[in-house]
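Engineer: The sequence and its predicted three-dimensional model are supplied below.
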Protein chains: 2
Amino acid sequence: MQGTMIYGAGDIRFEDRPEPAITRPTDAILRLSATCICGSDLWPYRGLQPINGPTPMGHEYCGIVEEVGKDVRNIRPGQFVVGSFATSDNNCLICQNGYQSSCIQREFMSAAQAPFLRVPLADGTLVATTDLPPGQLIPSLLATSDVLGTGWFAADAASVKPGATVVVVGDGAVGLLAILSAKQMGAERIIAMSRYESRQKLAREFGATDIVTERGDEGIARIKDLMNGIGADSALECVGTQESMLQAIRSTRPGGFVSYVGVPHGVALDGAGLFFAQVHLHGGPAPVRRYLPYLIDLVLKEKINPGKVFDLTLPLDQVADGYRAMDERRAIKTLLQP
Amino acid sequence: MQGTMIYGAGDIRFEDRPEPAITRPTDAILRLSATCICGSDLWPYRGLQPINGPTPMGHEYCGIVEEVGKDVRNIRPGQFVVGSFATSDNNCLICQNGYQSSCIQREFMSAAQAPFLRVPLADGTLVATTDLPPGQLIPSLLATSDVLGTGWFAADAASVKPGATVVVVGDGAVGLLAILSAKQMGAERIIAMSRYESRQKLAREFGATDIVTERGDEGIARIKDLMNGIGADSALECVGTQESMLQAIRSTRPGGFVSYVGVPHGVALDGAGLFFAQVHLHGGPAPVRRYLPYLIDLVLKEKINPGKVFDLTLPLDQVADGYRAMDERRAIKTLLQP
């Protein structure tokens, strides 16, 4: 088969790769229905995250089970499944506490921008639907695998409650789906920080009540103006830079909640500043597995349509064009069809 | 009257000071029943926190109301009162959310190591008892003003729940009362990180089930050994240094809770490290006012005896000896009698 590799900044190649095979008795092999490019894939693509030689890319996936290892109990060939970007046994003490993305057996997935994929710990990682879903729901089901699950964690980790005031920093796909998530959790007012018109439109569609285009001190002043002069109950940081992190912290009232769900790049938080901001801070790799059954159900019942973040669909072999479009902000998120 | 001033590192003077008077109609003047020296007073005493010239010291207090300004409604002369180190109107949106220590009208108290004290925003800051309390309860009532309130916040901010496993980093008075607080909240296992025998003894008396004397990687390994190899549900950071903060974070399981209640000195948290630790982090100046009615009640019913942290009592005019004893770790905490 052919799969996606990164060789360096801006250098994505779709090339011959060994077909994945069962290597451990807890593995499953999937034939992917769809895969996509993540905002986090742009860090190495932009040369902002070092790689050790050519690296297989992709960690968002859904598809049909082709084969399972001999110790797999809950997943069967022929089922449609979605899994998280982090594998989990869904059984250890950390998983039992709902943090499957830090499972003691966790591996981070890769090589999903390909037609076939090996998934370790299949029983604990994959969630199967009862029936094969209709094709038009595939984009939204694919979204649950990471981008929606991560946006959902952003809202959950920032304790969004009915009636809450919420700021979302970042108008990428995760930020947009954090808006959808906050709306689902009953937020009354959702401020999207966004400068791009097409993203503002989707932000409003997903539930944003206000758009703030300013950043830094000006952005914070605008938010405080909108929020009793004091700040929001919750701020959801969906970028991962120092600037966005401080934006989120400084937009939140004392006692409020800040979540961060993108791997921080070059972020250092001053202890005393954090102390006097007096916010709750929680983040990390989203425990998507915790949310998957619920989110898949919302999609199958057509209560949400997170697949709307895919504004570019390409055949898998044009994956390099997909990266370019996202890097140049011509696309919010690219879906790839194997 | 005479009051306590710091002139520089190691230079505490008890000297003539103007007697406090009502300056705003919301003020009250107290005749203090007792005051004390805070662990945080040692930062400038040790030259680790700059001061701008001679500065009045002390922010923990309880006593009898002498006089109130004309707009004070709830507090009357003759009442026994306790107040927080942070003044609050107890009415703004931040106070309503329980974060009185970040009240929009907050001032940090000082000049309490003296016989008389002016307290701004008396109605929102002070809590009066129904009757004058018996003298033997004064130390414990004084403790509610800061050191117990702060230890209680440490346990509350780290979401200590019945059955929880808890690590307390720091065996100063706040750390010891964080142990008492965690015990009151139903923690099942409380590990105190302590190297000093007299403090270990009090830690056990307050509810510690285990003592860990190691620090750094060794300390973390010991804690993980005691906690399923995974880490504690909650860690309470009661020191304020980089080392103690990382100790707390690294002792906690993913999804667990870390609180920090001492002003961080020289602390910088790496964003990516925090992300993958995946803990909840919350801290700041303790909103003692939120807890005061409950804590005063526990003391008056003699359900807790937080006054035990005072292992040295001196007449107020020997305040400089009190600082020295705490600096040299001959005393955990010094009570001063006006």
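Structural biologist: Structure's in. What do you need? Numbers count the residues shown, from 1 in each chain, chains lettered A, B, ... in the order given.

Engineer: my guess is residue A:192 is in a helix, correct?
Structural biologist: No. According to DSSP: H, G, I helix; E, B strand; the rest coil, residue A:192 belongs to no helix; its state is strand.

Engineer: So stretch A:188-207, near chain B or not?
Structural biologist: No. Stretch A:188-207 does not reach chain B (Cβ under 8 Å from any Cβ of the partner chain); its nearest approach is 14.2 Å. (C-beta placed from N, C-alpha, C; glycine too.)

Engineer: The most centrally placed residue in chain A - nearest residue in space that isn't next to it in sequence?
Structural biologist: Central residue of chain A (Cα atoms, centre = their mean): residue A:147, 2.5 Å from the mean position. In this structure, residue A:147 finds its nearest non-sequential neighbour in residue A:173, 4.8 Å apart by Cβ to Cβ, 6 or more residues apart in numbering or on different chains.

Engineer: Burial check on that neighbour, number of neighbours?
Structural biologist: For residue A:173, the neighbour count with other Cβ atoms under 10 Å in any protein chain shown is 31.

Engineer: Surely it touches residue A:149?
Structural biologist: No. Applying Cβ atoms under 8 Å as the test, residue A:173 and residue A:149 come out as separate, 11.8 Å apart.

Engineer: which of the residues in stretch A:52-60 are buried?
Structural biologist: A:56, A:57, A:58, A:59, A:60 (16 or more other Cβ atoms under 10 Å in any protein chain shown).

Engineer: Kindly report the domain assignment for chain A.
Structural biologist: According to automatic domain parsing, chain A comprises the domains A:2-146+A:287-337, A:149-283.

Engineer: can you pull the contacts of the residue of the stretch 101-250 of chain A at minimum distance from chain B?
Structural biologist: Proximity of the stretch 101-250 of chain A to chain B (Cβ to the nearest Cβ) peaks at residue A:102, 3.4 Å away. Residue A:102 makes contact with A:86, A:94, A:284, A:285, A:287, B:254, B:255, B:276, B:278, according to Cβ atoms under 8 Å, 6 or more residues apart in numbering or on different chains.

Engineer: Residue A:308 versus the residue nearest to residue A:147, what's the distance?
Structural biologist: For residue A:173, the distance to residue A:308 equals 10 Å [Cβ to Cβ, to the nearest Å].

Engineer: And residue A:315, by the same measure?
Structural biologist: Residue A:315 is 21 Å from residue A:308, by Cβ to Cβ.

Engineer: Looking at these two, which has the bigger crowd around it?
Structural biologist: The neighbour comparison of residue A:315 against residue A:308 (other Cβ under 10 Å) goes to residue A:308, with 19 against 12.

Engineer: contacting residues around the more buried one?
Structural biologist: Contacts of residue A:308 (Cβ under 8 Å, 6+ apart): A:202, A:205, A:206.

Engineer: change it to 7 Å
Structural biologist: By Cβ atoms under 7 Å, 6 or more residues apart in numbering or on different chains, the residues touching residue A:308 are residue A:202.

Engineer: can I assume it sits in a strand?
Structural biologist: No. Assigned with three-state DSSP, residue A:308 falls outside any strand and is helix.

Engineer: how about the nearest residue to residue A:281, chain neighbours excluded?
Structural biologist: In space, residue A:281 is closest to residue B:281, 4.4 Å off (Cβ to Cβ, 6+ apart).

Engineer: so what's the one you found up against?
Structural biologist: Residue B:281 makes contact with A:281, A:282, B:258 under the criterion Cβ under 7 Å, 6+ apart.
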